[in-house]
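What shape does this take:
(4 chains)
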Protein chains: 2
Amino acid sequence: MPVTMRDVAKEAGVSIKTVSRVVNNQGEITDSTRERVLAVIERLGYRPNLIARGLVTQRTYTIGLNIQDITNPFFPEVARGVQDMARAHNYNVFLCNSDDDPQEEIRTLQTLADQSVDGIISFPNRQSTVRLFAEENRPFVLINSDMKHPHVSQVMTNNFQGAKLAVDHLATKGHTEIGMITGQYLQESQRVLGFEAGLKAHGLTITPSRFLSGMPKFERGIEATHQLLTEHPEISAIFTFNDLLAAGAIQACKKLGRRVPDDCAIIGFDDTQLASLIDPPLTSVRLPKYEIGQVAMQRLLEMLEHPDQDFPPIHLDVELIVREST
Amino acid sequence: MPVTMRDVAKEAGVSIKTVSRVVNNQGEITDSTRERVLAVIERLGYRPNLIARGLVTQRTYTIGLNIQDITNPFFPEVARGVQDMARAHNYNVFLCNSDDDPQEEIRTLQTLADQSVDGIISFPNRQSTVRLFAEENRPFVLINSDMKHPHVSQVMTNNFQGAKLAVDHLATKGHTEIGMITGQYLQESQRVLGFEAGLKAHGLTITPSRFLSGMPKFERGIEATHQLLTEHPEISAIFTFNDLLAAGAIQACKKLGRRVPDDCAIIGFDDTQLASLIDPPLTSVRLPKYEIGQVAMQRLLEMLEHPDQDFPPIHLDVELIVREST
DNA sequence: TTGTATTATCAAAACGTTTTTAGGCTCTTT
DNA sequence: AAAGAGCCTAAAAACGTTTTGATAATACAA
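All right, here's what the predicted structure looks like:
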């Protein structure tokens, strides 16, 4: 039923090869034949079958984007950055949520490989599973992972620095008793390390029981804050792994009768849309989310263009956005 | 380089067809040969090439999801619903943002068709562009569109009813001067109609200048509310097309010195995560977002299973969630 | 032994492209 | 007149599968 290249060739009275050359405009072709062929293509509504083309060229013009969870407000902007850039270069994007579950990540990457994607952008949670796939020469862009491997490129945001900025900010405001609610993503480690480094730099003690972790979701933020503030009433500031947890923290403070920021300051991470909308507006470490997606896709395109080249990691800056929660 | 079916066949000493049958476990095969083949598959790490398979079976195990904008907090949950259901049936999802731009929608659908997706789930903004693609027998699920066409199925939420509920709620609270900030999506019409029907039911007059529209984003909410309240100071309640606009409206009220809900009540639509996080918590019409995605994908799967069957529209209920902004 | 059904296998065609091979025709240039 | 460029043709191989049609092996009944 669909119009094939053979149909076009027959109708235009040229060889299949000529049609192919017109479609991919390569090689020397007279204007007159080109126009004749194009007219027939237009008239028949011919569209090349990308599946068939992909089979022979080994290029599918698809990529995979592996994230933890699109309903975490950090990811939509990143995804949008990837997709806008992809679309501008005629690529399509498979979006996959693997929920920070190593099993799911393996399955996701496997499926993407089965679909013969040209490349993959991933927020990895375990290095090992990615390594498995990096072996196959398939271009890979990892966000915030320091894995070194040929055909693997990195986009890094300075989360360590971001966490340190947050502590600096709190310390200069006079806070000495600071707690942290962490998440459980891989990226977390840098934020924790930065937090600890910040404490140390200001001569503050690191109290293990002041670190609580869990799924980086709103409800967990409420819960953890409740626990943190009842076990450590001396805490006057809380730094959270992301804005959702911070939103929960604010909510918990309200319930506990602690005013924010006067009785307890709160700093989030990511600076999602949420931050400016909640009350009080949230101080947060801004990541250039859209840009992360953009440059990750851009890098992937470069890697596809120059398969044997080695690319240095891309570093993106973070920024502390001070609002009224501190 | 990749392991092919031919390799497996040679290694196991059987025909390619036998391998194929083992892989798709169909047809009669002795246990002994099956096991021998499976062992070789395991040993060589063979994985069937879905592109090649798709070329012959015309089934790619991919679908397209066309939405307006993933950074609109309404969509991530829907997308997650689609993806979880898709993944459970070994489907992969192309996510496309077409920003409510008819040109982009055409391009998106065209690209998806080029990629030979098995089906498409779409939030259409113009009926005509979808009709173009519905002709091709490709299963289509439309959200909140009343287009009737073979091979096109609908998932509907009762937005008319939702808007009416909102007005009812405001009217029983004693509000008589109510404004609306609309969006510009197709789904909007039902919300506007429901709003007007609500006004009429309570004997309130419909004032055209009290309708303002624009991109359904936060900034636009601020802007429109400002305009609405300065041009119509008598307004004591505002109903918005979605939660983002409502969040903007609240912000604008604060700036104008109007307390919410005492001086101006606000009702949103969608009941996104936002609603419970902002201050005051937002009264909003809840759509079953995750479920929309789930059932849309489920329906698509049914359509793929039974290509010639006709399916009735699926209707999902909405619900007014009353919080403190009214 | 023959015939027949059942089961297991194989070789080849097909899917719709791109690419390779092996040219042919018409100009222009030497 | 020969050589080379430029533009094209036709046919076939390749990509990695599934599927078709044919055949071989086995089992059982007569």
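
use CA for all of it now, contacts and neighbours both
Fine.

Over to residue A:182: give its phi and psi.
Phi and psi for residue A:182, reported as degrees, to the nearest 10, are phi -100, psi 170.

so it makes contact with residue A:221?
No - under the criterion of CA atoms under 8 Å, residue A:182 makes no contact with residue A:221, lying 9.6 Å away.

Neighbour count for these two, which is higher?
Neighbours per residue (other CA atoms under 10 Å in any protein chain shown) separate residue A:182 from residue A:221, with residue A:221 holding more: 31 against 23.

what's the helix or strand for that one?
helix A:218-231 (DSSP states H and E).

What pairs with the next helix or strand after that helix, parallel or antiparallel?
Next helix or strand after helix A:218-231 toward the C-terminus (DSSP H and E): strand A:237-240. Within its sheet, and counting by DSSP bridges, strand A:237-240 is paired with strand A:178-181 (parallel), strand A:265-270 (parallel).

moving C-terminal of the longest one, what's the next helix or strand?
To tie it back to what came earlier, the one meant is strand A:265-270. Remark: after strand A:265-270, the chain's next helix or strand is helix A:273-277, criterion DSSP H and E.

Count the residues that sit near residue A:6.
Burial measure for residue A:6: 15 neighbouring residues, criterion other CA under 10 Å.

you'd agree it is in a helix?
Yes - according to DSSP: H, G, I helix; E, B strand; the rest coil, residue A:6 belongs to a helix.

Assess the claim that it and residue A:16 are in contact.
Yes - counting by CA under 8 Å, residue A:6 does reach residue A:16; the two are 6.1 Å apart.

Tell me which of the strands paired with strand A:237-240 lies nearest to residue B:156.
Across these, residue B:156 has its closest neighbour in strand A:265-270 (34.7 Å, CA to CA).

ok, residues contacting that closest one?
A:74, A:166, A:236-246, A:249-250, A:260, A:275, A:282-287, A:289, A:325-326 (CA atoms under 8 Å, 6 or more residues apart in numbering or on different chains).

can you do 7 Å?
When contacts are taken as CA atoms under 7 Å, 6 or more residues apart in numbering or on different chains, the neighbours of strand A:265-270 outside the stretch itself are A:74, A:236-243, A:246, A:282-287, A:325-326.

Check stretch A:285-304 too.
Taking CA under 7 Å, 6+ apart as the criterion, the residues outside stretch A:285-304 that touch it are A:77-82, A:85-86, A:119, A:139-141, A:155, A:162, A:268-271, A:318-321.

who does residue A:179 bridge with?
Per DSSP bridges, residues listed as beta-bridge partners of residue A:179: residue A:238.

list the contacts for it?
Under the criterion of CA under 7 Å, 6+ apart, the contact partners of residue A:179 comprise A:210-211, A:235, A:237-239.

Let's see that with 8 Å instead.
Listed by CA under 8 Å, 6+ apart, the contact partners of residue A:179 are A:210-211, A:228, A:235, A:237-239.

Tell me how far it lies from chain B.
Residue A:179 sits at a distance of 22 Å from chain B (criterion: CA to the nearest CA, to the nearest Å).

for residue A:102, same thing?
16 Å.

With residue B:42 as the reference, measure out to that residue.
Taking CA to CA, to the nearest Å as the criterion, residue A:102 is separated from residue B:42 by 21 Å.

Over to residue A:154?
Taking CA to CA as the measure, residue A:154 and residue B:42 are separated by 32 Å.

which of the two has more neighbours?
Neighbours of residue A:154 and residue B:42, each counted by other CA under 10 Å, are more numerous for residue A:154; the result is 24 against 12.

can you pull up the bridge partners for the more buried one?
Taking DSSP bridges, one finds residue A:142 as the beta-bridge partners of residue A:154.

Touching, it and residue A:314? I think so.
Yes - using CA under 8 Å, residue A:154 makes contact with residue A:314 at a distance of 6.2 Å.

ok, back up a step: out of the contacts of residue A:179, which is most surrounded?
When those are compared by neighbour count (other CA under 10 Å), residue A:239 ends up highest, at 29 neighbours.

Contact partners for it?
Contacts of residue A:239 were listed using CA under 8 Å, 6+ apart, and they are A:166-167, A:178-181, A:246, A:266-268.

Could you pull up the contacting residues of the most centrally placed residue in chain A?
The residue lying closest to the centre of chain A (CA atoms, centre = their mean) is residue A:78, at 5.0 Å. Under the criterion of CA under 8 Å, 6+ apart, the contact partners of residue A:78 comprise A:289-294.

count of neighbours near residue A:33?
16.

Following element in sequence after whichever strand or helix holds it, please.
Taking DSSP H and E as the criterion, the element that holds residue A:33 is helix A:31-44. In the C-terminal direction, the helix or strand that comes right after helix A:31-44 (DSSP H and E) is helix A:50-57.

And chain B, is the next helix or strand after that next one touching that?
Using DSSP H and E, the next helix or strand after helix A:50-57 towards the C-terminus is strand A:62-67. No - Strand A:62-67 stays out of contact with chain B when judged by CA under 8 Å from any CA of the partner chain, the minimum separation being 8.9 Å.

pLDDT of whichever helix or strand comes after strand A:62-67, averaged?
Counting by DSSP H and E, the element after strand A:62-67 in chain order, helix or strand, is helix A:75-88. Mean pLDDT, helix A:75-88: 98.

what distance separates helix A:75-88 from the centre of its chain?
The gap between where helix A:75-88 is centred and where its chain is centred comes out at 9 Å by CA atoms, centre = their mean, to the nearest Å.

For that helix, list the C-alpha coordinates in PDB.
These are the backbone C-alpha positions of helix A:75-88, laid out as PDB (Å, rounded to 0.1, in the frame of the first residue of the first chain):
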ATOM      1  CA  PHE A  75      13.900  16.200  34.300                       C
ATOM      2  CA  PRO A  76      11.300  17.700  32.100                       C
ATOM      3  CA  GLU A  77      13.400  20.700  31.300                       C
ATOM      4  CA  VAL A  78      16.400  18.500  30.600                       C
ATOM      5  CA  ALA A  79      14.300  16.300  28.400                       C
ATOM      6  CA  ARG A  80      13.000  19.400  26.600                       C
ATOM      7  CA  GLY A  81      16.600  20.500  25.900                       C
ATOM      8  CA  VAL A  82      17.500  17.200  24.500                       C
ATOM      9  CA  GLN A  83      14.500  16.900  22.400                       C
ATOM     10  CA  ASP A  84      14.600  20.400  20.900                       C
ATOM     11  CA  MET A  85      18.200  19.900  19.900                       C
ATOM     12  CA  ALA A  86      17.400  16.400  18.600                       C
ATOM     13  CA  ARG A  87      14.500  17.600  16.600                       C
ATOM     14  CA  ALA A  88      16.600  20.400  15.000                       C
END
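
what angle do that helix and strand A:265-270 make?
20 degrees (axes from the mean of the first three to the mean of the last three CA atoms, to 10 degrees).

how about helix A:75-88: buried residues?
Of the residues in helix A:75-88, those scored as buried under the neighbour-count criterion (16 or more other CA atoms under 10 Å in any protein chain shown) are A:75-87.

Stretch A:38-49 too?
Applying a neighbour-count criterion of 16+ other CA under 10 Å, one finds A:38, A:40-41, A:46-49 buried in stretch A:38-49.

among the residues you listed, which are within reach of chain B?
Checking the buried residues of stretch A:38-49 against chain B by CA under 8 Å from any CA, the ones in range are A:47-49.

for chain A, what's the longest helix?
When chain A is parsed with DSSP state H, its longest helix is helix A:289-305.

packing partners for the helix or strand following that one?
Per DSSP H and E, the first helix or strand lying C-terminal to helix A:289-305 is strand A:314-316. Under the contact criterion of 3 or more CA pairs under 8 Å, 6 or more residues apart in numbering or on different chains; DSSP states H and E, strand A:314-316 touches strand A:152-157.
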